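> Have a look at this fold, sequence not included:
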């Protein structure tokens, strides 16, 4: 998924064939109980800055994590 810890492969970027995989993993990441992942604010910044989620995608993932289903 992440090549050198700073670059996301094209197939995982917006419009890529494996984008849904990233979104599913983001939901798992948001709901993880592991404290090493930091606060929700830390997770938000990581998903937007490092993984490349858009704000809309993040909010959809957060909604899914909260409600348990995709819109």
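Sure, I can see it. Please read these numbers as outputs of a predicted model, since none were measured by experiment. Residues are numbered from 1 along each chain as shown.

> buried sites along stretch 61-71?
61-62, 64-65 (16 or more other Cβ atoms under 10 Å). The way it works is simple: take the backbone N, C-alpha and C, and place the C-beta from them, glycine included.

> Poorly predicted segments of this protein, please.
1-6, 69-71 (pLDDT under 70).

> One more pass at 50, please.
Applying pLDDT under 50 to the chain picks out residues 1.

> Quick one: the helices in it, in order.
19-31, 40-46, 55-67 (DSSP state H).

> related to what we said a few turns ago, pull the most distant pair out of the buried residues of stretch 61-71.
Pairwise distances across these peak at 7.3 Å for 62 and 64 (criterion: Cβ to Cβ).

> before we move on, the earlier item: mind checking the helices of the chain for the one nearest to residue 13?
helix 19-31 (7.1 Å).

> Please point out which parts of the closest one sit buried.
Quick answer for helix 19-31 (16+ other Cβ under 10 Å): 19, 22-23, 26-27, 29-30.

> Report the inter-axis angle for it versus helix 55-67.
Counting by axes from the mean of the first three to the mean of the last three Cα atoms, to 10 degrees, helix 19-31 lies at 60 degrees to helix 55-67.

> Quickly name whichever of the buried residues of stretch 61-71 is closest to residue 35.
Scanning the buried residues of stretch 61-71 for proximity to residue 35, where the rule is Cβ to Cβ, the winner is residue 65, at 16.9 Å.

> Which residues are in contact with that closest one?
Residue 65 makes contact with 27, 30-31 under the criterion Cβ atoms under 8 Å, 6 or more residues apart in numbering.

> go on, residue 58?
Residue 58 neighbours (Cβ under 8 Å, 6+ apart): 26, 44, 47-48.

> PyMOL command for the buried members of the residues you listed?
Those of the contacts of residue 58 that count as buried under 16+ other Cβ under 10 Å are selected in PyMOL with:
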select buried, resi 26+44+47
